[in-house]
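> sequence unknown, structure follows:
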């Protein structure tokens, strides 16, 4: 009898009974299972009403739902308020917001696509259909091109050719954009294709039609799409960070200007004009300095609001190298000259440094800056222990009383110096700091550098010094998660 009642309840709670918010299904504990059972494909967002990223995603999520309806797709979009439906969130192992999960026949998988309406739709279409849409007529090609901000179109005289197979392999790999494929003679004629194969990236901003050049391989097509799909000037935000830092282009010109600035559009347009010249070599990025969330970026570059608007150039490899222009102007000519000089190797890396404090040597813990670091740390008569810290780092703040006690303990020692340096405002050409706090011993005699990885205790640090840096080389086997180092991520810039 109980089973029959449950079955009757399940029948009553069908998808068409679930309430909607602007086309998005609103799921609760009682309706969740019915939703993922009744729909072969459904994307569910687990969100918190107070989450800023969730608020930013909401209009794009609604836009994606509308696009799917316009396409008569049977793919559904849904959302769950994880703060209200805590049990549901726990069952689905939700650990952050927003978390999106894709359910196929009731079985979940992680969503790893973009955060715009187009990107969400394109990802879903890729996961639920062929890698590339088959196009049979000119009208279908035009409809395909107009349906999204960015699409990729492959035109082949022979769909069984190696080039076509390589194109389809690329389409399978790229989730963010829709790929189309055709061998229709009229479509090839419409796009003025006279060769055996051609690939175009079609977009609604900047260059509307970009032709791929070179041998058609899956690797080359993927690189082409990732590079050419970006606008000439891309705005830095949470959604674009991965595209910026995870892309193929490792040289970025960052333009710091608030959207409220009187010359904001003029500066951005100048950047667009220059970006055309260096397309594929340098990525042009604007950073809205009106945003409170972006103040950390200014600190990272040692910039003050009084210096804005301004520009900096960065080169990304294993470590980031920063470059500062000689001119403070933000004109088309100054941007072009700065980037060209960088490419020609005429610009030296820019290292931040504060002035040497008058009382740097007054207290037991000595204060180092870039300008006095070498003379103190590389003193062959001294073992010099240096903590590289960031003022905003919680772990660094916790270390302060212990490190001050360490300084007091060795303040009268003839060959041991305890020092610290703010690495957010001071940089060294020979030492790159990846996490905070980082503690290094600069040994007397040969100036060998040994990093400390032991417990951040007075006893541990003392033993490290007294053993000449041999103690504390291996991190503790079990270290609480909250004790891990703060690591500034590149996408936080």
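Arrived safely. These numbers come from a predicted model, not from an experiment.
> show me what contacts residue 238?
53, 56, 115 (CB atoms under 8 Å, 6 or more residues apart in numbering). Placement of C-beta: from N, CA and C, glycine included.
> What is the nearest of the residues you listed to residue 423?
residue 53 (28.1 Å; CB to CB).
> and that closest one, what does it touch?
Counting by CB under 8 Å, 6+ apart, residue 53 has contacts 97-98, 238.
> make it 10 Å
When contacts are counted by CB atoms under 10 Å, 6 or more residues apart in numbering, residue 53 touches 47, 96-98, 115, 238-239.
> returning to that earlier point: narrow the contacts of residue 238 to those in helices?
Applying DSSP state H to the contacts of residue 238, the entries found in helices are 53, 56.
> and the gap between residue 142 and residue 353?
58 Å (CB to CB, to the nearest Å).
> what about the two, which has more around it?
Per other CB atoms under 10 Å, whichever of residue 142 and residue 353 has more neighbours is residue 353, with 16 against 13.
> just checking, the more buried one touches residue 423?
No - using CB atoms under 10 Å, residue 353 is not in contact with residue 423; the gap is 11.2 Å.
> Identify the contacts common to these two.
With contacts defined as CB under 10 Å, 6+ apart, the residues shared by residue 353 and residue 423 are residue 370.
> any weak-confidence spans in the stretch 351-493 of the chain?
Residues of the stretch 351-493 of the chain meeting the criterion pLDDT under 70: 472-493.
> for the chain, that is, sorry about that
Ranges of the chain meeting pLDDT under 70: 1-16, 472-493.
> tally of neighbours for residue 308?
With other CB under 10 Å as criterion, residue 308 counts 16.
> ok, residue 350 - contacts?
301-302, 312-314, 321-325, 427.
> phi, psi of it?
When read as degrees, to the nearest 10, the backbone of residue 350 gives phi -100, psi 120.
> residue boundaries of the helices in the stretch 101-250 of the chain?
117-128, 138-146, 162-173, 185-190, 218-228, 241-245 (DSSP state H, counting those that start in this stretch).
> helices and strands around the shortest one, which ones?
When you say that, I think you mean helix 241-245. strand 233-235, strand 251-256, strand 283-287, strand 310-316 (3 or more CB pairs under 10 Å, 6 or more residues apart in numbering; DSSP states H and E).
> which of those is buried the deepest?
Highest mean neighbour count of these: strand 283-287, a mean of 24 (counted as mean count of other CB atoms under 10 Å).
> Now find how far off-centre that one is within its chain.
13 Å (CA atoms, centre = their mean, to the nearest Å).
> quick one: strands adjacent to it?
Note on strand 283-287: by DSSP bridges, its sheet partners are strand 233-235 (parallel), strand 251-256 (parallel).
> Give me the contacts around the helix or strand just after the longest one.
Read it as strand 251-256. Note on strand 251-256: by DSSP states H and E, the next helix or strand toward the C-terminus is helix 264-277. Identification of contacts with helix 264-277 by CB under 10 Å, 6+ apart yields 205-207, 230-235, 253, 255-259, 261, 263, 281-286, 288-290, 309, 311, 330-340.
> please redo it, this time with the cut-off set to 7 Å
232-233, 255, 257-258, 284, 286, 309, 330-332, 335-336, 339 (CB atoms under 7 Å, 6 or more residues apart in numbering).
> hang on, the earlier thing: could the contacts of residue 238 be laid out in a markdown table, adding distance to residue 453?
A markdown table is the format used below for the contacts of residue 238 (distance: CB to CB, whole Å):
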| residue | distance to residue 453 |
| --- | --- |
| 53 | 33 |
| 56 | 38 |
| 115 | 37 |
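> from the contacts of residue 238, which single one is nearest residue 435?
Using CB to CB, residue 53 is the member of those that lies nearest residue 435, at 24.1 Å.
> Which among the contacts of residue 53 count as buried?
47, 97-98, 115, 239 (16 or more other CB atoms under 10 Å).
> State the number of residues packed around the nearest residue to residue 101 once chain neighbours are set aside.
Closest residue to residue 101 apart from its sequence neighbours, by CB to CB, 6 or more residues apart in numbering: residue 108 at 4.8 Å. Neighbour count for residue 108, taken as other CB under 10 Å: 14.
> Which strand residues bridge residue 108?
Residues in beta-bridge contact with residue 108 (DSSP bridges): residue 103.
> what's the distance between it and residue 36?
Residue 108 is 8 Å from residue 36, by CB to CB.
> one step back: would you mind finding the most buried of the helices of the stretch 101-250 of the chain?
helix 117-128 (a mean of 22).
> Give me the residues contacting that one.
So helix 117-128 is in contact with 41, 43, 60-61, 63-64, 67-68, 75, 102, 113-114, 148-149, 175-178, going by CB under 7 Å, 6+ apart.
> How far off centre is stretch 393-405?
30 Å.
> oh, I was asking about stretch 56-68
Centroid separation for stretch 56-68 versus its chain: 21 Å, with CA atoms, centre = their mean.
> So for it, what gets flagged as buried?
Here stretch 56-68 shows 57-58, 60-68 as buried, counting by 16+ other CB under 10 Å.
> try stretch 255-269
Across stretch 255-269, burial judged by 16+ other CB under 10 Å covers 255-258, 261, 264, 267-268.
> where's that stretch relative to the chain centroid, distance-wise?
The mean C-alpha position of stretch 255-269 is separated from the chain mean by 23 Å, CA atoms, centre = their mean.
> do stretch 88-103 as well
Taking the mean of its C-alpha atoms, stretch 88-103 sits 21 Å from the chain's own mean (CA atoms, centre = their mean).
> just to revisit the earlier point, would you convert the contacts of helix 264-277 into TSV that also reports distance to residue 447?
Putting the contacts of helix 264-277 into TSV (distance: CB to CB, whole Å) gives the following:
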residue	distance to residue 447
232	47
233	45
255	40
257	43
258	45
284	42
286	43
309	42
330	42
331	46
332	47
335	41
336	43
339	38
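> Return the member of those residues nearest to residue 357.
When these are compared against residue 357 (criterion: CB to CB), the nearest one is residue 309, at 30.4 Å.
> and the closest one, what are its phi and psi?
phi -70, psi 160.
> how much space is there between it and residue 258?
7 Å.
> same thing with residue 313?
Per CB to CB, residue 313 is found 20 Å from residue 258.
> go on, residue 85?
Taking CB to CB as the measure, residue 85 falls 39 Å from residue 258.
> With residue 193 instead?
The gap separating residue 193 from residue 258 is 45 Å, by CB to CB.
> residue ranges of the helices in the stretch 251-400 of the chain, please?
264-277, 295-300, 332-343, 370-377, 394-409.
> Using CSV, lay out the ones you listed together with distance to residue 127.
Formatted as CSV, the helices of the stretch 251-400 of the chain follow (distance: least, CB to CB, whole Å):
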stretch, distance to residue 127
helix 264-277, 33
helix 295-300, 34
helix 332-343, 39
helix 370-377, 50
helix 394-409, 39
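> Of the ones you listed, which is nearest residue 91?
Distance to residue 91, taken as CB to CB, is lowest for helix 394-409 among the helices of the stretch 251-400 of the chain, at 31.8 Å.
> Now do that closest one: which elements does it pack against?
Applying 3 or more CB pairs under 7 Å, 6 or more residues apart in numbering; DSSP states H and E, we find helix 394-409 packed against strand 365-368, strand 416-422, helix 458-466.
> now do 6 Å
helix 458-466 (3 or more CB pairs under 6 Å, 6 or more residues apart in numbering; DSSP states H and E).
> Packing partners of the helix it packs on?
Contact partners of helix 458-466 among helices and strands, from 3+ CB pairs under 6 Å, 6+ apart: helix 394-409.
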